[in-house]
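**Q** Below are the sequence and a predicted model; questions follow.
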Amino acid sequence: MPNSNSPLNYLRQIAIGAVCGLLLLVLIIGGFTLASTGASPQATDTNTPTNTPTVSPTAEGRDCSVADLAADPRLVGLHAQVLNPETNEVLFDIQGDVATQTASVMKLFTATAALQVLGPNYRVQTKVYADLDNPGQIVVVGAGDPTLSRVGVGKQSVYKDAPKISDMAVQINAWARATPITSIVLDSSYFTGPTWEADVPDSERTLGYQSHVTALQVDGDRDNPALETSPRSNDPVGRAGTAIKKAIGPLAANAVLTQAKAGTNLLQIAVVQSQPISKWIKHMLQVSDNTEAEFLARLVSKQLGYDGSFASVDAAIKQGLIRAGLDPTGLLFKDGSGESENNLVPATFINALLKKILNEEGDLEVIKQALPIAAETGSLANRFRGDNIDAAGKIFAKTGWTKREYSLAGIIKAKDDTDLVFSIASVGEVNQTTKAAIDNLATGFFRCGNKLSTETKPATE
């Protein structure tokens, strides 16, 4: 047996101790590393912007080409991108990173900002006050509800189950009893600045696609409350006042209508509230209601502490998108509807948002459920028929149109059951036939699915 007190044995014990200490240190460090890797999701900033695909596209096994469809001469100024959201691979791209106008695809950003800033259950209240300093005077204060309706009991406007001024009138009459109302003040000061975006032609109003943006109005200021497309006036506040006076009836027969800001010595005597904005968003996306979009943008602005003006829309929408985990740096938002041709957004950003919508992040399932469906609902009800009928019910997308653009962006449940997100915009001298060319290209994406080739030019070229 070796001598335990020998120098050699002493050195051996020192060496063993050092190795054990080193091993223990490695285990401790490794334990911290493993613990960090398995950190709770709560420690992660879920709003970290994630716009850019992180995986390079690959052509391996992807030989289904749509190059001929993309080369259709009707697709002038084409910007298009297809993303596999599961792998984050870009499967097809033509100018996908070049910012261009959005048309009504803009409404996807407005809806996202509204859901993030206001929440899906937000409702707008229109209130009526008695001015205690001026007997016989009532004040109607608008807070940005264009769905407030003048239609009669048992009837519906384009905004189903919207609040009615007839209900407001019942409350006013109950307060007034037999005392005549001599003055009705209409306060629409909740929004500031111009009521019409200068970039948008006035024909959009006269043809019936959009109203002036005033905090007090009825039926989106339509001549006919039951028609989606109906001419709008130059004085939505005045039209609302006339309807309110009529609804009140004999007690207000001689009342003078005035547009002014409310005083300070007020007693609330009536209130009606809108449907939740989740319902606005569904209607807005289905039929592309420009007025609802502009009001949502203004409400987001006010909620964030801005002034509710067109000038504030860019900053307000961007704040909402940041809350959704997107980075809107370098984008330009001139309005909430996409009527302006000066909105600038690339397909890469649109697809980054669509990926979140597909995954129903936050409250974005509201948008996913509201998207028009090819050949079935909304603005896509009469599209994707004929030769494209195989894509019916498989493409869920927002349509867009201005005089210089047609666009389509959304989600595809591809033929091979792959989920894809896509954005297509044709910008320039477009016409009605451009829509058909866009539908053909989107159907090509549907048919190819995950085998979609990155080829962008026809093989014959």
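**A** Here it is on my side, so go on. Since this is a predicted model, take the numbers as computed values, not measurements.
**Q** okay, the host helix or strand of V90 in PDB with CA atoms only?
**A** Taking DSSP states H and E as the criterion, V90 maps to strand 89-94. The C-alpha atoms that make up strand 89-94 are tabulated as PDB, following Å, rounded to 0.1, in the frame of the first residue of the first chain:
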ATOM      1  CA  GLU A  89     -38.800  31.900 -46.700                       C
ATOM      2  CA  VAL A  90     -39.500  34.300 -49.600                       C
ATOM      3  CA  LEU A  91     -40.800  32.100 -52.400                       C
ATOM      4  CA  PHE A  92     -41.300  34.800 -55.000                       C
ATOM      5  CA  ASP A  93     -40.300  38.400 -55.200                       C
ATOM      6  CA  ILE A  94     -40.600  41.300 -57.700                       C
END
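**Q** what packs against it?
**A** If contacts are counted by 3 or more CB pairs under 8 Å, 6 or more residues apart in numbering; DSSP states H and E, strand 89-94 sits against strand 78-84. For the C-beta atoms, the positions are set from N, CA and C on the backbone; glycine is no exception.
**Q** Packing partners of the strand it packs on?
**A** When contacts are defined as 3+ CB pairs under 8 Å, 6+ apart, strand 78-84 packs onto strand 89-94, helix 347-358, strand 419-427.
**Q** For the residue most central in space within the chain, give its distance to E365.
**A** The chain has A111 as the residue nearest its centroid, 2.2 Å off, counting by CA atoms, centre = their mean. With distances taken as CB to CB, to the nearest Å, A111 is found 12 Å from E365.
**Q** now swap in R62 and tell me
**A** When R62 is compared with E365 (using CB to CB), they lie 30 Å apart.
**Q** out of the two, which sits in the busier spot?
**A** Ranked by neighbour count (other CB atoms under 10 Å), R62 and E365 place R62 first, with 19 against 16.
**Q** Do I have it right that the more buried one meets T418?
**A** No. Applying CB atoms under 8 Å, one finds R62 not in contact with T418, separated by 11.3 Å.
**Q** what sits in contact with each of those two?
**A** N450 (CB atoms under 8 Å, 6 or more residues apart in numbering).
**Q** still on that earlier bit, tell me, how many residues neighbour the residue lying closest to the residue nearest to the centre of the chain once chain neighbours are set aside?
**A** In space, and not counting its chain neighbours, A111 is closest to I281: 4.7 Å by CB to CB, 6 or more residues apart in numbering. Residues near I281, counting by other CB under 10 Å, number 27.
**Q** Identify the residues contacting G362.
**A** 115-116, 324, 356.
**Q** Ends of stretch 386-402, what's the gap?
**A** Counting by CA to CA, to the nearest Å, you get 25 Å between the two ends of stretch 386-402.
**Q** starting at the chain centroid, how far to it?
**A** Centroid displacement of stretch 386-402 relative to its chain, using CA atoms, centre = their mean, to the nearest Å, is 19 Å.
**Q** what do you get for stretch 316-336?
**A** 11 Å.
**Q** Buried ones in it, by neighbour count?
**A** 316-328, 331, 333-336 (16 or more other CB atoms under 10 Å).
**Q** re the thing from before, which is the succeeding secondary structure element to the host helix or strand of the residue nearest to the centre of the chain?
**A** For A111, the element it lies in under DSSP H and E is helix 106-117. Per DSSP H and E, the first helix or strand lying C-terminal to helix 106-117 is strand 125-131.
**Q** domain parsing for the chain?
**A** What the record gives for the chain is the domain set 1-30, 67-119+331-451, 125-275, from automatic domain parsing.
**Q** Among the ones you listed, which comes closest to V300?
**A** Evaluated with CB to CB, the domains of the chain place domain 67-119+331-451 nearest to V300, the distance being 4.8 Å.
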